[in-house]
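>>> Would you be able to build a 3D model of this:
(one chain, ligands or ions: 3)
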Amino acid sequence: MTVTAVSVITISDTCSKDASSDTSGPTLVQLTREMFPQSLIHTAIIPDEREIIEAKIKEYCRVDVDLIITTGGTGLSSRDVTPEATKAVIEREVPAITVALTIESLRKTPMAMLSRSVAGIRDKTLIINFPGSKKAVIECFEVVRPILYHAIAIIKNETTKVKSVHNSMQLGHVCPHKKFSSNVDLSKVALRPRESPYPMLQMAEAFKVIDSVMKEWEGSLEQVKIEDSMGCVVGETLLAKEPMPPFPASIKDGYACRSSDGAGVKSVRTAVTAGETYEAPLEAGECVRINTGAPLPPGADCVVQVEDTKLISASPDNKIELEVEIIKAPKPQQDVRPIGFDIALGAELVREGVVVDAALIGILAGAGYQHVEVRTKPTVAILSTGNELQDPAEATLKPAHIRDSNQMMLKALLKENGYPSVCMGVARDEAGELAASLADALKRADVLVCSGGVSMGEKDLLKPVLLQDFGATLHFGRVFMKPGKPSTFATCQFEGRTKYIFALPGNPVSAYVCCLLFVIRALRICEGRKSEFPRMRVRLNKSFPLDPRPEYVRAVLRFTDDDLPHAEVLGNQCSSRLLSACGASVLLEMPPAGDNLDWLPAGHVVPAIITGRMEHI
Ligand SMILES: Nc1nc2c(c(=O)[nH]1)N[C@H]1C(S)=C(S)[C@@H](COP(=O)(O)OP(=O)(O)OC[C@H]3O[C@@H](n4cnc5c(N)ncnc54)[C@H](O)[C@@H]3O)O[C@H]1N2
Ligand code: MOO
Ligand SMILES: [Mg+2]
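Ligands and ions are numbered 1, 2, ... in the order given. Below you'll find the model as predicted:
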């Protein structure tokens, strides 16, 4: 089903006198263009005159406009007559849209009570009143976005599409094998936009969008076995249930003594090895042979290491030491770890927000914990898209095909950063199948990372399918960066939950860089972790040509006795050449080429994002 035409009508005395003061209309045009890239968009600015409003709406209905959105004139002032004019021309009201707009707007401001918006149908056109402010228009558009396609399809009586959408909604799932019909029809390729309808965000804006959207993530806490908690974020504070060590323990292999006995010959009473206890109190002039880690017998308050003793006498078979000489007078507590020396009883072992590492797992194991409460990680699914892709396991390449390398690469990259994921295979460039694959993935994960199909090609279906079949909100569809320009970040409601979709570019390096900069950031925010990789300043070891876009250059660091590490760029940075990311320990943040700045000399200092292992030191 295609939405052939949409009309945006600004209803305002002021704007009808001075069009440049109309900000809501252009905003609405941009929102509708993003959502209906194939549609014609009519615009009009008219005064708050009831007859003119009625006439304009009827005029658009006559020319088969599918959707009319008005902005302005819904308030309480005497000139506000949009609702009355709309009521006069619609044949059937759609009150639930008005209710939804009111509810959502009231969440933001009680002033929403003063809006009298109306929604209804005239012939085959859906008409919705929005308030006049730009902010309200953006908010209201997000409210109706998820239902627009479906509503228009029903009104246009596209029963086939409607039924299938109804079915998939009832079934709550879509089997990727079953043909899933999509609303998307890009067959009129001549109508495709010849420039991207998506504003190009600066990196900082993209990060801000991700941060604000992901903070809505409703995570929870779960108990995991401590051996499975590596990389998780602890969600509780745990205290030591017993002191560590639980007894005064020897630090050395030697002899437990009474420091008050001083130096000289001592009789060796017995031996205490680690794991054994010896309860009889030590008498004056006695010592006990002891191993590291073993408990001191009662009465002993120091350990003399064997290196500081001399053998005086032993049994004939030399199996028993009888006397040793303590060469130097020991001090009290010498080479002894008193009770609680490492961890005091009740000491805090870990607090909320700490990321579990191996040492902490050891501490918790040693402290007798089997489980630890951690913040749930979002479940992640990975989906590749593209007719040219074949399974990496296939030995022979089919003509004009390549193997899907993104899926495994992204899975490994996520794993390397502590995020398990499930691979959902490859969706072909067919709207119905893509929609089915997306639905299948969204059923299984909170966050979907897909790659491919987000640029300008007529087979780049991801954005239209997300918008038209999933009512998704596109938070951004292009970013001013290299690689990664067509990166897309969207959310949608699916089976009653918010789903987060990162549609990365298909180029392997673009997918790699954007997974690191956008996806890992988002997942860390879900866990309440620091979202950014650490950064440091490094020196270029060679001059580097600048791209018109800010570029994330893969490099390794060489640590010399220079003040800063040297960055060695990993060869040709073309975004298809995944070799340029192999072994990369950093992404160099290169500035975009400027007026008279198109390259950086060797030795120039640039910021480096530390995204990989530093094995090249
Ligand atoms: N007219 C324009 N064309 C392109 C633009 C543009 O602005 N105007 N942007 C270019 C940039 S930048 C990028 S990045 C790519 C991204 O395109 P898509 O996201 O649509 O990716 P695809 O076209 O599907 O694939 C791009 C490239 O990557 C290969 N690929 C895709 N998936 C995989 C995979 N799973 N494993 C390995 N390789 C994969 C695919 O075969 C293509 O060669 O768009 C430019 N075009
Ligand atoms: O944005 Mo692309 O990743 O430069 O080719
Ligand atoms: Mg493409």
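>>> How many residues are close by the nearest residue to residue 434 once chain neighbours are set aside?
Closest residue to residue 434 apart from its sequence neighbours, by Cβ to Cβ, 6 or more residues apart in numbering: residue 427 at 4.7 Å. Glycine gets a C-beta too; all of them are placed from N, C-alpha and C. Using other Cβ atoms under 10 Å, residue 427 is surrounded by 27 other residues.
>>> What is the three-state secondary structure of residue 425?
Secondary structure, DSSP: H, G, I helix; E, B strand; the rest coil: residue 425 is strand.
>>> just residue 6 next, same as before
At residue 6 the chain is in strand, as set by three-state DSSP.
>>> just residue 436 next, same as before
Three-state call for residue 436 (three-state DSSP): helix.
>>> List the beta-bridge partners for the nearest residue to residue 320 once chain neighbours are set aside.
Counting by Cβ to Cβ, 6+ apart, residue 320 lies nearest to residue 314, which is 6.3 Å off, once chain neighbours are set aside. Counting by DSSP bridges, residue 314 is bridged to residue 321.
>>> Can you name the residues that contact residue 314?
320-322 (Cβ atoms under 8 Å, 6 or more residues apart in numbering).
>>> got a pLDDT number for it?
You'll see residue 314 listed with a pLDDT of 96.
>>> And the helices in this protein, which stretches?
Applying DSSP state H to the chain gives helices spanning 13-17, 24-35, 50-62, 82-89, 95-108, 134-155, 159-171, 203-214, 358-366, 406-416, 431-444, 462-470, 508-514, 520-526.
>>> In a markdown table, list those along with distance to ligand 1, mean pLDDT and mean neighbour count.
Output for the helices of the chain, formatted as a markdown table (distance: least, Cβ to the nearest ligand atom, whole Å; pLDDT from 0 to 100; neighbours: other Cβ atoms under 10 Å):
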| stretch | distance to ligand 1 | mean pLDDT | mean neighbour count |
| --- | --- | --- | --- |
| helix 13-17 | 34 | 93 | 15 |
| helix 24-35 | 16 | 89 | 20 |
| helix 50-62 | 33 | 92 | 17 |
| helix 82-89 | 40 | 96 | 20 |
| helix 95-108 | 32 | 92 | 15 |
| helix 134-155 | 22 | 89 | 20 |
| helix 159-171 | 25 | 43 | 14 |
| helix 203-214 | 15 | 97 | 16 |
| helix 358-366 | 33 | 97 | 15 |
| helix 406-416 | 3 | 97 | 19 |
| helix 431-444 | 11 | 95 | 23 |
| helix 462-470 | 8 | 92 | 26 |
| helix 508-514 | 4 | 98 | 27 |
| helix 520-526 | 19 | 97 | 22 |
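>>> contacts for stretch 11-21?
Contact with stretch 11-21 is made by 10, 22, 25, 45-48, 53, 70-73, 79, 82, 132, as judged by Cβ under 8 Å, 6+ apart.
>>> Looking at these, which one is closest to residue 420?
residue 71 (45.5 Å; Cβ to Cβ).
>>> gap between the closest one and residue 566?
As judged by Cβ to Cβ, to the nearest Å, residue 71 and residue 566 stand 56 Å apart.
>>> Residue 63 now?
Computed as Cβ to Cβ, the residue 63 to residue 566 distance reads 65 Å.
>>> before we move on, the earlier item: looking at residue 71 and residue 566, which has the bigger crowd around it?
Taking neighbours as other Cβ under 10 Å, residue 71 and residue 566 compare with residue 71 leading, 30 against 18.
>>> Just to check, residue 350 is in contact with residue 361?
No. Counting by Cβ atoms under 8 Å, residue 350 sits too far from residue 361 to count as a contact (10.3 Å).
>>> Find the least confident helix or strand in this protein, judged by mean pLDDT.
Within the chain, confidence by mean pLDDT, DSSP states H and E is lowest for helix 159-171 among all helices and strands, at a mean of 43.
>>> returning to what we had before: only whichever of the contacts of stretch 11-21 are buried, select them in ChimeraX.
Applying 16 or more other Cβ atoms under 10 Å to these, the buried members can be selected in ChimeraX as follows:
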select :10,22,25,45,46,47,48,53,70,71,72,73,82,132
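>>> Please name the residues that touch residue 319.
So residue 319 contacts nothing (Cβ under 8 Å, 6+ apart).
>>> Oops, could you answer that again for residue 86 instead?
By Cβ under 8 Å, 6+ apart, residue 86 lies in contact with 53, 57, 70, 118, 120, 127, 129.
>>> Tell me which residues of stretch 496-507 come out buried.
Neighbour counts over stretch 496-507 (16+ other Cβ under 10 Å) mark 499-507 as buried.
>>> Out of these, which comes closest to ligand 1?
residue 506 (2.5 Å; Cβ to the nearest ligand atom).
>>> Next, see if stretch 182-201 gets close to ligand 2.
No. For a cut-off given as Cβ under 6 Å from any ligand atom, stretch 182-201 has no contacts with ligand 2; the smallest distance is 10.8 Å.
>>> which parts of that stretch are buried?
So, applying 16+ other Cβ under 10 Å, buried residues of stretch 182-201: 182-184, 186, 196-198, 200-201.
>>> Could you dump the residues you listed into JSON lines with pLDDT and distance to residue 389 added?
JSON lines is the format used below for the buried residues of stretch 182-201 (pLDDT from 0 to 100; distance: Cβ to Cβ, whole Å):
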{"residue": "182", "pLDDT": "80", "distance to residue 389": "20"}
{"residue": "183", "pLDDT": "76", "distance to residue 389": "25"}
{"residue": "184", "pLDDT": "80", "distance to residue 389": "20"}
{"residue": "186", "pLDDT": "76", "distance to residue 389": "19"}
{"residue": "196", "pLDDT": "86", "distance to residue 389": "24"}
{"residue": "197", "pLDDT": "84", "distance to residue 389": "27"}
{"residue": "198", "pLDDT": "89", "distance to residue 389": "24"}
{"residue": "200", "pLDDT": "93", "distance to residue 389": "27"}
{"residue": "201", "pLDDT": "96", "distance to residue 389": "28"}
